[in-house]
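**Q** when you get a sec, could you give me coordinates for this:
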Amino acid sequence: MHEWILTSQAGEAFTIRIGDDGRIADVEGPWPTEPGAEIVLEGDLPAHASALDAPESVRADALAHGLDVCFHSENPCRTCYCDGSGRLIRCVAMC
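**A** The predicted structure is shown next:
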């Protein structure tokens, strides 16, 4: 497991953990609590793989916007979308 620190546009630190399989295992930080609220994280991440556990509807929506689901958690329900450039661009509190 490897860790990187990225910063939200509000200046809050988030720890991104990437497993040996190249998938983001966790995004830890001060997530918003209201459904639909999003944060934008700034900083560079090493190459990482798509999240395999995201529902097809979430992946399809991301693809329609030219993004990839790079982190998804059902409990609590959170999703992060990446643009393929190595930058984690948008994370959303889904419910």
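**Q** what's the pLDDT at R59?
**A** Note for R59: predicted pLDDT of 92.
**Q** spell out the secondary structure type for it.
**A** Following DSSP: H, G, I helix; E, B strand; the rest coil, R59 is assigned to helix.
**Q** same question, A62
**A** With three-state DSSP as the basis, A62 sits in helix.
**Q** okay, it: pLDDT?
**A** 92.
**Q** I'd guessed it sits against V69; true?
**A** Yes - with contact taken as C-beta atoms under 8 Å, A62 and V69 are classed as touching, separated by 4.9 Å. Just so you know, the C-beta spots here come from the backbone N, C-alpha and C atoms, and that holds for glycine as well.
**Q** common neighbours of these two, please.
**A** Common contacts of A62 and V69 (C-beta atoms under 8 Å, 6 or more residues apart in numbering): 54, 81.
**Q** direction included, what does the helix or strand of the chain with the lowest mean pLDDT pair against?
**A** When the helices and strands of the chain are compared on mean pLDDT, DSSP states H and E, strand 88-93 comes out lowest with a mean of 86. Here strand 88-93 has these sheet partners by DSSP bridges: strand 38-39 (antiparallel), strand 77-82 (antiparallel).
**Q** how about these, which one is nearest W4?
**A** The minimum distance between W4 and those falls on strand 77-82, with 12.9 Å, by C-beta to C-beta.
**Q** list the contacts of the residue nearest the centre of the chain.
**A** In the chain, the residue lying closest to the centroid (C-alpha atoms, centre = their mean) is C80, at 2.5 Å. Counting by C-beta under 8 Å, 6+ apart, C80 makes contact with 24, 27, 41, 69-72, 88, 90-92.
**Q** ditto for G43
**A** Here G43 is in contact with 4-7, 87-88 (C-beta under 8 Å, 6+ apart).
**Q** what's across from the residue nearest to the centre of the chain in the sheet?
**A** With DSSP bridges as the rule, C80 is bridged to F71, C91.
**Q** number of residues surrounding the closest residue to V92 other than its chain neighbours?
**A** Nearest residue to V92, sequence neighbours excluded (C-beta to C-beta, 6 or more residues apart in numbering): E38, at 4.5 Å. E38 has 16 neighbouring residues, counting by other C-beta atoms under 10 Å.
**Q** noted, bye for now.
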